[in-house]
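Colleague: Fold the stuff below for me.
(2 chains)
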Amino acid sequence: MTNAMRTSAGTVTVERYQGVRADGRLRRLWNANAPGYLFLLPWLIGFFGLTLGPALISLYLSFTDFDMLRAPGWVGAANYVRIATADPKFASAMSVTLTYVVLSVPFKLTFALLVALALNRGLRGLPIYRAIFYLPSLLGGSVAIAVLWRQLFASDGLVNAALSHFGIVGPSWISHPSYSIYTLVALSVWQFGSPMIIFLAGLRQIPQDMYEAASLDGASKFRQFYKITLPLLTPVIFFNAVVQTIDAFKAFTPAFIISGGTGGPINSTLFYTLYLYQEAFGNFRMGYASALAWILVVIIAIFTAFSFLTSRYWVHYDD
Amino acid sequence: MTEMTASVTAARPPSDITKRSLPATLVIHALLIAASLLMLYPLLWMVSASVRPENEIFSSTSLIPSSVDFSSYVRGWTGLDISFGRFFWNSLVISLLVVAGNVIACSLTAFAFARLRFAGRNFWFAIMLGTLMIPYHVTLIPQYVLFLDLGWVNTILPLVVPKFLASDAFFIFLMVQFFRGIPRELDEAAMMDGCSAWRIYWKIMLPLSLPVLATAAIFSFIWTWDDFFGPLIYLNDMNTYTIQLGLRTFVDSTSASDWGGLFAMSTLTLVPVFFFFLFFQRLLIEGIATTGMKR
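Modeller: Take a look at the predicted model:
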């Protein structure tokens, strides 16, 4: 500082600095934060314009009778009251969706874990198996696969053709209200590839020397699995369970294609999101559909909160 | 990220103390091969049905057609009023634009979160993670009304523009994880030399992040290519249809009559995804493993 003051140029700098101190503080604030916010700008615009704003508006719309034709009219909690007390379609959509979640997620995860365990220990041909098992996950979301599924489980479809070799005459799985949901569960379980890959990655994080120590102590394979593998894998199981459950709540395309957009037969594949879609874009009951959307959020939030709260009792974190 | 990548791809050390006995290994291979066949059977059957003579499709569970016949492809391609070529073109344009939007916007956002210091960073990061949890149904209706008022319905804009505003938080998260694994010394040194944040992003981060950018690009492409819900809502004019909408229309219009054409077109829509699977499988698998493992 003293050095700088000795030269005339330095003095000028100091004077100017003192003269515009308030301005300088702003400038420093700007310099420190501007790059960050500039980089964040597209996301911020998107967040306010496409996420937060619309979410608030949809919350408002859920208390109105908005139908796209007239301006939204306030109806108080009427939409929610009707959903809770006087909407049989909501009740059946809820039960179909819960059935789907409760059946597809555990089966899918069990399958994924079993295959990951089989593949884990330096099995020859691992990359090939892993690729084959992963392929359905990658293709599964497309309409083509839903179309294929529709054919597989039709009355003259591939499944029944295979059953007929054993002398069994199968029903039309797709168009039978008691079976149709199971074809969708099967489609979901068939796509066990991505949780399997996450399990494989998790298994590789388990230190090998734990097993060495355990087998030196004479622990059986089963005991090793139960006492080492499973506890150390609980964070991954937890992650997969949460992600898969949320995905299952949001499932749409297969039910839409397989039922031709109706959710039939007799609402047996009327997934929650399909019902929401019908209300919003079929009947243009936008206010009512907004209420349905918020109920979905609340259900997912309750489920997630519940998972995280119970996780401390069964998920093993070593940090 | 780097250690994750290494552990995913690295082969297991050969001296595995818990190595299985030979019979056990054989049983496991037998089971896995059986499972693989079961998994692939429907797919292979569909491909074989698409080249089968029409009258043979339902009579056979075998995978090998008696004769190969590509007429289903010709019939399917022109089976609707507008040819599938149009739908493929539409899907391609949308998917490529989404790839560009996601890669550009998400990498900018991820760079800010991973590397720049600014007031409120942790707050915004938490918000961004929160948006990962929100189902899109909540914003769906107001967004639809907004895009309708803007005159964007029946254009590709509602499907593309949000991606340029980093609406896919999943990719931001993926990239933040990767950026954090790049040694900080690199950009600190550059900062000392007076490099601007932009230059660090452009000259240091992006070139070092090609794997994660490629992963995001491929997933963006596949997910957009497969997307059904977005196009279903925003595209009502058949000229703007994507292949997924085209297929769906084909199902509704021909139902029981032309399964051959339907399977042929279904197979074609899967080809690009299969291509990515074949050539970029490792990137995809690492991408999934990474997001699943690191919290």
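Colleague: And stretch A:41-52, how far out from the chain middle?
Modeller: Distance of stretch A:41-52 from the chain centroid (CA atoms, centre = their mean, to the nearest Å) equals 21 Å.
Colleague: For that stretch, list every residue counted as buried.
Modeller: A:41-44, A:46-47, A:50-51 (16 or more other CB atoms under 10 Å in any protein chain shown). All C-beta spots, glycine's among them, are computed from the backbone N, C-alpha and C.
Colleague: Rank the helices and strands of chain A by mean pLDDT and give me the bottom one.
Modeller: Within chain A, no helix or strand scores below helix A:2-6, which has a mean of 42 by mean pLDDT, DSSP states H and E.
Colleague: any low-confidence regions in chain A?
Modeller: Chain A contains residues with pLDDT under 70 at A:1-22, A:318-319.
Colleague: biggest helix in the chain by residues?
Modeller: In the absence of a named chain, chain A is used. helix A:88-120 (DSSP state H).
Colleague: switch to chain B, that's the one I care about
Modeller: helix B:259-293.
Colleague: Chain B versus the residue nearest to residue A:228 when sequence neighbours are not counted, what's the distance?
Modeller: Counting by CB to CB, 6 or more residues apart in numbering or on different chains, residue A:210 is the residue found nearest to residue A:228 once chain neighbours are left out, at 5.3 Å. Distance of residue A:210 to chain B, computed by CB to the nearest CB, to the nearest Å: 11 Å.
Colleague: Give me the neighbour count for residue A:210.
Modeller: Residue A:210: 14 surrounding residues under other CB atoms under 10 Å in any protein chain shown.
Colleague: quick one: which helix or strand includes residue B:190?
Modeller: Here residue B:190, judged by DSSP states H and E, is contained in helix B:184-192.
Colleague: Following element in sequence after that helix, please.
Modeller: helix B:197-199.
Colleague: check contacts around residue 222.
Modeller: Assuming you mean chain A. By CB atoms under 8 Å, 6 or more residues apart in numbering or on different chains, residue A:222 lies in contact with nothing.
Colleague: The intended chain is chain B.
Modeller: Neighbours of residue B:222 in contact, by CB under 8 Å, 6+ apart: A:138, B:273, B:276.
Colleague: What is the nearest of these to residue B:208?
Modeller: residue B:276 (22.9 Å; CB to CB).
Colleague: Report the contact partners of the closest residue to the closest one other than its chain neighbours.
Modeller: In space, and not counting its chain neighbours, residue B:276 is closest to residue B:218: 5.3 Å by CB to CB, 6+ apart. Taking CB under 8 Å, 6+ apart, we find residue B:218 in contact with B:276, B:280, B:283-284.
Colleague: Please enumerate the helices of the stretch 101-250 of chain B.
Modeller: Assigned by DSSP state H, counting those that start in this stretch, the stretch 101-250 of chain B shows helices spanning B:121-133, B:137-149, B:157-164, B:169-180, B:184-192, B:197-199, B:206-208, B:210-226, B:229-234, B:243-254.
Colleague: which of the ones you listed is buried the deepest?
Modeller: helix B:169-180 (a mean of 22; mean count of other CB atoms under 10 Å in any protein chain shown).
Colleague: which helices and strands sit right next to that one?
Modeller: Packing partners of helix B:169-180 (3 or more CB pairs under 8 Å, 6 or more residues apart in numbering or on different chains; DSSP states H and E): helix B:84-115, helix B:121-133, helix B:210-226, helix B:259-293.
Colleague: any weak-confidence spans in chain B?
Modeller: In chain B, residues with pLDDT under 70: B:1-20, B:57-60, B:254-257, B:291-295.
Colleague: first to last residue in stretch A:166-182, what's the distance?
Modeller: Distance between the boundary residues of stretch A:166-182 (CA to CA, to the nearest Å) amounts to 21 Å.
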